[in-house]
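> have a look; sequence and predicted model below, questions after that.
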Amino acid sequence: MTATDKPDLISVIISDHRHVERVFTELEAGTGTPEHRRDLADHVIAELVRHSVAEEQFMYPAARKYLENGDQLADHELEEHAEAEEVMKQLEDVPATDPRFDELMRQLMQDIRHHIEDEEQDLLPKLQAACSAEELQDLGDKVERAKKMAPTRPHPSAPDRPPLNLILDPGAGLIDKIRDRLSKRNT
């Protein structure tokens, strides 16, 4: 793969958004066994956590660096992450047969869809205009690598800004992956 073949930040983030939306659509269909719906919820939570951690490590610092109102935009996105992470934490051990499962999933989907819209309509176009193609490719690569080491479970009290998140997230990711294997959680 040549440098020009590498996905850039924008395509990586949008690809993640589309994957999450496909899982949301399947959950909204209400089909499958409760175990399957719980597996889908676990999968989408793991994807959202990995995605959020990578954004917090690299995309939001880039917004702060390159955009005139980057601090304000990044802070807003971090607030939305925190709200969604609280919902994910509440959802973590709720069986799909519990009425709270659907209620919490609806809240999570609403929060995440709003967040995706914000990013795709505002933050991503601004970053695309402000950063060079090389910088966007470098950020895309960093985001992809960060997702591989990121936690798979919500940690609402974990730091969401560098440098602490860069130090602590890989350790939390390792522990989460061990817990996922032991519990046979679908991630």
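Structure received. Computed from a predicted structure; not experimentally measured.

> which stretches of the protein have low pLDDT?
Applying pLDDT under 70 to the chain flags residues 1-4.

> same thing but at 80, please
Applying pLDDT under 80 to the chain picks out residues 1-5.

> helices along that one, start to end?
Here the chain has its helices, by DSSP state H, at 9-29, 34-54, 60-66, 70-91, 99-118, 124-130, 133-149, 164-183.

> other SSEs contacting the longest one?
Which is helix 70-91. The contact analysis (3 or more CB pairs under 8 Å, 6 or more residues apart in numbering; DSSP states H and E) places helix 70-91 against helix 34-54, helix 60-66, helix 99-118. Placement of C-beta: from N, CA and C, glycine included.

> closest to residue 157 out of the helices of the chain?
helix 70-91 (9.5 Å; CB to CB).

> the closest one vs helix 99-118, what angle?
Interaxial angle of helix 70-91 relative to helix 99-118 (axes from the mean of the first three to the mean of the last three CA atoms, to 10 degrees): 160 degrees.

> from residue 168, how far out is residue 92?
19 Å (CB to CB, to the nearest Å).

> how about residue 50?
15 Å.

> neighbour-wise, which of the two wins?
residue 50 (23 against 14; other CB atoms under 10 Å).

> wait, that one sits on residue 143?
No - under the criterion of CB atoms under 8 Å, residue 50 is not in contact with residue 143, lying 9.7 Å apart.

> residues contacting residue 104?
Neighbouring residues of residue 104 by CB atoms under 8 Å, 6 or more residues apart in numbering: 87, 90, 91, 94.

> mind putting the residues you listed into TSV with neighbour count?
Putting those into TSV (neighbours: other CB atoms under 10 Å) gives the following:
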residue	neighbour count
87	22
90	16
91	21
94	17
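
> now these in a markdown table, with distance to residue 9?
A markdown table is the format used below for the contacts of residue 104 (distance: CB to CB, whole Å):
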| residue | distance to residue 9 |
| --- | --- |
| 87 | 26 |
| 90 | 30 |
| 91 | 28 |
| 94 | 34 |
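
> what's in contact with stretch 109-120?
The contact list for stretch 109-120 (CB under 8 Å, 6+ apart) reads 13-14, 17, 20-21, 24, 27-28, 48, 76-77, 80-81, 83-84, 87.

> separation between residue 33 and residue 20?
22 Å.

> who has more neighbours out of those two?
Per other CB under 10 Å, whichever of residue 33 and residue 20 has more neighbours is residue 20, with 19 against 10.
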